[in-house]
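[1] could you work out the structure for the sequence below:
(4 chains)
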There are 2 protein chains.
Amino acid sequence: MADEQRGRRGSYAKGVVKREEILERALEVIAREGYRGASVKELADAVGLSQAGLLHYFDSKEELFTAIVRKRDEVDLARFDPIDLSAASLADVREGYVSVVRRNAEVPGLVQLYSQMAVDAADVQHPAHGFFIERGENLRGMLASVIAARSESGDITDRIDPDALARILQAVADGLQVQWMLEPDVDMAGIVGQLFDVLVQAVPARTGDDRTA
Amino acid sequence: MADEQRGRRGSYAKGVVKREEILERALEVIAREGYRGASVKELADAVGLSQAGLLHYFDSKEELFTAIVRKRDEVDLARFDPIDLSAASLADVREGYVSVVRRNAEVPGLVQLYSQMAVDAADVQHPAHGFFIERGENLRGMLASVIAARSESGDITDRIDPDALARILQAVADGLQVQWMLEPDVDMAGIVGQLFDVLVQAVPARTGDDRTA
DNA sequence: GTCTATATGTTGATAGAC
DNA sequence: GTCTATCAACATATAGAC
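    Take a look at the predicted model:
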């Protein structure tokens, strides 16, 4: 795990620290100013380095952006770290799912970066290929484990197997992002909330309004 | 409508015909050999023209690829032309939806092209921006109109409004494509079929096996 | 209408000074 | 570790011959 996060060079001490700083800064900038297939130079300017200076820490442009996406996930996951999945209620899962989507609507640039990278990473040669596969597996694994447990107790529809259900929840979130990039008025969180309530037969009391605005 | 399909130059007679020929040929090649952000030259070679010769028919690379995506839709829609939407049963809609997804699994290159373009077209400046907005509206309009009619008669869940439901069906299809590009084993048609059956409360007799393989 | 040739621009990557 | 300078490798778009 740690190995994958190191570049060829910045493997020790200060190098690693600086690297992380760069990635954090890059995420801020992209979140704020958007990402449209930015060049290394553009990003370098944004984080306060020359193009060569930035590439000192990464082997290539693709590796650089792969590291950024990785870092994004790392940051996002840290927010959910405290949650114990095995003890999570369905309402917890619902709230987690919806809140992630809601939060995405606040960082257009990151949504754009993610969508772009996800498509590019379809190429087996792309450095982020393996990452996106693993990421999907982890994401769906979290969903499916909770779903499967509740499914046995009859809380959840048994007309879709947990794996397919997890794929659907992932797909809806991803697909709505594309619709939302095209039309920012789309209420992603509200829609995924509705879907969750229908797929999960037992309707829990709504904890609040899902909508962003 | 016709205007949008004409380039600056090839506006008349033979030019238009040749243009359409180019687009059809491009679709074949992309469907067969894939698309990875291909350059104009690559496509030109594939369709048997020089780069300049190809750009003779289109104002720019972006316009060219926008025309290709447009053409793809045109071809696809023609296959469903005979269907009268106002008379369509729920089973018809289900079958149409599932079969489109099933067919996509046979043309990886086109899926890749579509996904890539959809992300790029998020940019308001992109020539395909308006096209993708319209396309989404049309697609969801078809779904929503049938759904709304059935919803009143109680065939469909009323816990999701027709618009949201249509967005969900669109999003799942798009999102699954990304998963499928990453992992070609994903059974897109099977999954969307299951989803449809759950969202539409009255389970129609399955007309057959949705799976591709 | 199609080609060859080329203008013009950008990119990612590297070499080498400091 | 970071910069400046430079490179080769494309890309798209256009000019002009045929």
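[2] let me know the pLDDT of the most centrally placed residue in chain A.
    A centroid search over chain A (Cα atoms, centre = their mean) returns residue A:73, at 5.4 Å, as the residue closest to the centre. Residue A:73 carries a pLDDT value of 96.
[3] show me the contact partners of the helix or strand containing it.
    Using DSSP states H and E, residue A:73 maps to helix A:61-80. Residues from elsewhere that reach helix A:61-80 (Cβ atoms under 8 Å, 6 or more residues apart in numbering or on different chains): A:4-5, A:7, A:19-20, A:23-24, A:26-27, A:30, A:39-40, A:43, A:54-55, A:57-58, A:96, A:100, A:110, A:113-114, A:117, A:126-128, A:131, A:135. Yep, even glycine has a C-beta here, placed from its N, CA and C like the rest.
[4] now do stretch A:186-206
    Stretch A:186-206 is contacted by residues A:90-91, A:94, A:97-99, A:101-102, A:104-105, A:150, A:154-157, A:160, A:165, A:168-169, A:172-173, A:176-177, A:179-180, A:210-213, B:157, B:159-161, B:164, B:167-168, B:171, B:198-199 when judged by Cβ under 8 Å, 6+ apart.
[5] any low-confidence regions in chain A?
    Scanning chain A for pLDDT under 70 picks out A:1-14, A:82, A:201-208, A:213.
[6] could you list the domains of it?
    A:1-57, A:61-203 (automatic domain parsing).
[7] highest mean neighbour count across those, which stretch is it?
    Of all the domains of chain A, domain A:61-203 carries the top mean neighbour count, a mean of 18, counting by mean count of other Cβ atoms under 10 Å in any protein chain shown.
[8] ok, back up a step: now do whatever helix or strand comes next after the helix holding residue A:73 and helix A:61-80, the angle between them.
    Scanning forward in sequence from helix A:61-80 by DSSP H and E, the next helix or strand is helix A:90-104. Orientation check (axes from the mean of the first three to the mean of the last three Cα atoms, to 10 degrees): helix A:90-104 against helix A:61-80 gives 140 degrees.
[9] which strands and helices sit next to helix A:90-104?
    Contact partners of helix A:90-104 among helices and strands, from 3 or more Cβ pairs under 8 Å, 6 or more residues apart in numbering or on different chains; DSSP states H and E: helix A:129-152, helix A:162-182, helix A:188-199.
[10] rebuild these as a markdown table, extending it with distance to residue B:68.
    Below are these laid out as a markdown table (distance: least, Cβ to Cβ, whole Å):
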| stretch | distance to residue B:68 |
| --- | --- |
| helix A:129-152 | 25 |
| helix A:162-182 | 19 |
| helix A:188-199 | 29 |
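[11] among the ones you listed, which is nearest DNA strand C?
    Closest to DNA strand C of the helices and strands packed on helix A:90-104, according to Cβ to the nearest atom of the strand: helix A:129-152, at 15.9 Å.
[12] got the CA positions of that closest one in PDB?
    In PDB, the C-alpha atoms belonging to helix A:129-152 read as follows (Å, rounded to 0.1, in the frame of the first residue of the first chain):
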ATOM      1  CA  HIS A 129      -6.400   1.100 -14.200                       C
ATOM      2  CA  GLY A 130      -5.700  -1.200 -11.200                       C
ATOM      3  CA  PHE A 131      -6.600   1.500  -8.800                       C
ATOM      4  CA  PHE A 132     -10.100   2.000 -10.200                       C
ATOM      5  CA  ILE A 133     -10.800  -1.700 -10.200                       C
ATOM      6  CA  GLU A 134      -9.800  -2.000  -6.600                       C
ATOM      7  CA  ARG A 135     -11.600   1.100  -5.700                       C
ATOM      8  CA  GLY A 136     -14.800  -0.200  -7.200                       C
ATOM      9  CA  GLU A 137     -14.400  -3.500  -5.400                       C
ATOM     10  CA  ASN A 138     -13.900  -1.900  -2.100                       C
ATOM     11  CA  LEU A 139     -16.800   0.500  -2.500                       C
ATOM     12  CA  ARG A 140     -19.200  -2.200  -3.500                       C
ATOM     13  CA  GLY A 141     -17.800  -4.500  -0.900                       C
ATOM     14  CA  MET A 142     -18.800  -2.100   1.800                       C
ATOM     15  CA  LEU A 143     -22.200  -1.700   0.400                       C
ATOM     16  CA  ALA A 144     -22.800  -5.400  -0.400                       C
ATOM     17  CA  SER A 145     -21.700  -6.600   3.000                       C
ATOM     18  CA  VAL A 146     -24.200  -4.500   4.800                       C
ATOM     19  CA  ILE A 147     -26.900  -5.200   2.200                       C
ATOM     20  CA  ALA A 148     -26.400  -8.900   2.300                       C
ATOM     21  CA  ALA A 149     -26.700  -9.000   6.100                       C
ATOM     22  CA  ARG A 150     -30.000  -7.000   6.000                       C
ATOM     23  CA  SER A 151     -31.200  -9.000   3.000                       C
ATOM     24  CA  GLU A 152     -31.400 -12.200   5.100                       C
END
